[in-house]
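>>> Okay, predicted coordinates and the sequence, questions at the end:
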Amino acid sequence: MAQRKEERILEYVKQHAAEGDPQSVVDHIDKYCSQKEWAMHVGDEKGLILDQVVKETNPTIVLELGTYCGYSATRIARLLKPGSRLLTVEMNPENAAVAKQMIQFAGVQDKVEILEGSTEVIIPSLKTKYGVDRVDFVFIDHFSERYTADTKLLEECQLIKKGSVLLADNVVFPGAPDFLEYVRTCGRYDCTYYPSHLEYSDKLDALEKAVFKGP
Ligand SMILES: O=c1[nH]cnc2c(O)cc(-c3ccc(F)cc3)c(Cl)c12
Ligand SMILES: [Mg+2]
C-alpha cells in the first residue's frame, strides 16, 4: 500500500486507466476520489466549467498555479491545440513527483511543464527563465490566501494582456473573499461567477472568471 494518498491515487490510475488517454486518467481519478479517498482536485463538476472556459479561450500559453497530482493539468492539456503549452507551478516536491508521473501516464507530457517552487518566486522568473511573453489563460488553484497577491504579480510582471483569462477555483469554499473583491472592483477585469459544488461533495463552491481589460 503506497504511503501517501497522492501515491495511492497515482497507483490506482496506473492500474486501471488507459495509458496515453487523458480522459481515462481524469475519469479514474474522479472515480477513486469520489468512491475511496477524497482529494482536492477541481473534480468532475467544476471540471466541466473549466473545460468550457478553456475551449472558449482556446489558449496558446496556459499558466496553472497549484499542480497537486496533475488532474487539472491533464484536464486542460487534453483540450490544447498543437504547439500550445501549459506551465504548472507546484511548491510541494512530493506532489510534483506524483504529478510528473500522472502527466506522463496520460501522454500529455509534451504540452506540460511542471515548475517546482513557490508562485511568488516563479511568476517573476517566467519571462527571463521560461521564455514566456504573455499568458492567455491562468488557472488559479493553489492557496486562496495567495490569489490576490499572485494576480497583482501577474499584472506587475506584464504577464497578462488585454483578453487574458483568469479562472479561480474555491472562491466559496475554502473561499477567496479578497480576490473576489479585488477583481470585481479594481476596474481592470470583466468578471463572471460560476456557482458549483466542492469536488466530490454537496458543499457549495464556485469558480470566478476574470478577463483582463488591460492595465
Ligand atoms: O488548498 C487548496 N488548494 C486548491 N484547491 C483546493 C480545493 O479545491 C479544496 C480544498 C479543501 C476544501 C474543503 C476541505 F474540507 C478541504 C480542502 C483545498 Cl484546501 C484546496
Ligand atoms: Mg481547488
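Nice, I can see it. In this text the structure is predicted, and so the values were computed from the model without any measurement. Numbering: from 1, shown residues only. Ligands and ions are numbered 1, 2, ... in the order given.
>>> contacts, neighbours, all on C-alpha from now
Noted.
>>> In the protein, mark out all the helices, start to finish.
Secondary structure of the chain (DSSP state H): helices located at 5-16, 22-35, 43-57, 71-77, 93-106, 119-122, 126-130, 147-156, 177-185.
>>> ok, residues contacting the last one?
What it means is helix 177-185. Residues outside helix 177-185 that contact it (Cα atoms under 8 Å, 6 or more residues apart in numbering): Y147, T148, V171, Y189, D190, C191, E208, A210.
>>> try it again with 10 Å
144-152, 166, 168, 171-172, 188-193, 208-212 (Cα atoms under 10 Å, 6 or more residues apart in numbering).
>>> Could you list the buried residues of that helix?
D178, F179, L180, Y182, V183, R184 (16 or more other Cα atoms under 10 Å).
>>> ok, now the shortest one?
Neighbour-count burial for helix 119-122, with 16+ other Cα under 10 Å as criterion, is recorded at T119, I122.
>>> any idea of the mean pLDDT in that helix?
Per-residue pLDDT over helix 119-122 has a mean of 98.
>>> low pLDDT regions in the chain?
Along the chain, no part satisfies pLDDT under 70.
>>> I figured N92 hits E6, correct?
No - in this structure, N92 is not within contact of E6 by Cα atoms under 10 Å, at 11.8 Å.
>>> Which one's more surrounded, the two?
Taking neighbours as other Cα atoms under 10 Å, N92 and E6 compare with E6 leading, 19 against 14.
>>> List the residues that contact that one.
So E6 contacts Y12, E37, A39, Y68, C69, E94, N95, A97, V98, A99 (Cα under 10 Å, 6+ apart).
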